[in-house]
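Participant: Fold the stuff below for me.
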Amino acid sequence: MNRAITGRFLREALWPALAACVGIVFFVVLFVWAMQEMGPELMSFLSSVGFLKKMLELAYGISLSGEVSSNVLYSIAWLHPVVLALSWGVLIAIATRQTAGEIERGTAELLLTLPVSRLSVLLSGAVTWMAVAAVVSASPLAGVFIGSRLFEPFDTIQFGRFAQVMVNFFALNLAVAALATLAGTCVMRRGVAVSLVAALLIGCVAMNFLESFLTFVEHVRFLNLLNYYRPSAVVRDGVWPVGHMAILGFVSAASLGAASIVLARRDIPVN
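Facilitator: The predicted model follows:
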């Protein structure tokens, strides 16, 4: 890792990361407000409609049998498409900017001719998106905290369990950013790298809906990153998802290792 290159990457990532974090916090606060105002009535209605109940359970991994606490309702925000899109969007943008983006802009040859190794440049980028992933992953927890102070919940908020979800979310975000880094080192164009990772993540979201309807999808659910991220289950049971986080950590390490090998061997075109 090189301090000067890391500092440059961090400065470039500052404003996009800040915008994403503010957006996540603002959305989660509004979500907490909405759940406080109409959550119980909404859950009661959905529980009475079998199809809608099943779709909600599949989408967010929650159970609507029995009484649903405010903690479980708030946990839905951690898997909401808005939160995922903001989190993944900024991480993919940063990771591909440091790899395919440098090549596309014609600055890669200058960066890689500095007296530092390619691995050092890659690790500087990794440190950057790790820092951004940490802040982004903590943003929903900040939103729950602020929302619970502004709008009094009807149950005691178990912040310790939400902290467990935050760590699990951090592991998921690291895996996404590492995959985006790998994609960025394999292609010449940033748009192609972004499209590849976006297609993978959209496929993961789709698998969440389809796994209970299609036998084939259920058999390959282990390929779905979201299979190792179940916020509602963690909040309900209070059990650390150690196995799931270990798998996501392996995906991150393997992707980053593969990216370092690809970057070390590939030719960088001079524009």
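Participant: now Leu99: how far from Ala258?
Facilitator: Check again: residue 99 is Thr, not Leu. Distance check for Thr99 against Ala258: by C-beta to C-beta, to the nearest Å, it reads 12 Å. Heads up, the C-betas are built off the backbone N, CA and C, glycines and all.
Participant: Which one's more surrounded, the two?
Facilitator: Under the criterion of other C-beta atoms under 10 Å, the comparison of Thr99 against Ala258 puts Thr99 first, with 26 against 16.
Participant: how about that one, what does it touch?
Facilitator: Residues near Thr99 by C-beta atoms under 8 Å, 6 or more residues apart in numbering: 122, 125, 181, 184-185, 193, 259, 263.
Participant: Could you dump these into JSON lines with pLDDT, secondary structure and neighbour count added?
Facilitator: Output for those, formatted as JSON lines (pLDDT from 0 to 100; DSSP: H, G, I helix; E, B strand; the rest coil; neighbours: other C-beta atoms under 10 Å):
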{"residue": "Leu122", "pLDDT": "81", "secondary structure": "helix", "neighbour count": "23"}
{"residue": "Gly125", "pLDDT": "85", "secondary structure": "helix", "neighbour count": "27"}
{"residue": "Thr181", "pLDDT": "91", "secondary structure": "helix", "neighbour count": "32"}
{"residue": "Gly184", "pLDDT": "85", "secondary structure": "helix", "neighbour count": "32"}
{"residue": "Thr185", "pLDDT": "86", "secondary structure": "helix", "neighbour count": "28"}
{"residue": "Ala193", "pLDDT": "86", "secondary structure": "helix", "neighbour count": "28"}
{"residue": "Ala259", "pLDDT": "89", "secondary structure": "helix", "neighbour count": "25"}
{"residue": "Leu263", "pLDDT": "79", "secondary structure": "helix", "neighbour count": "21"}
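Participant: Pick out the most distant pair among the residues you listed.
Facilitator: With distance counted by C-beta to C-beta, no two of the contacts of Thr99 lie farther apart than Leu122 and Ala193, which are 14.4 Å apart.
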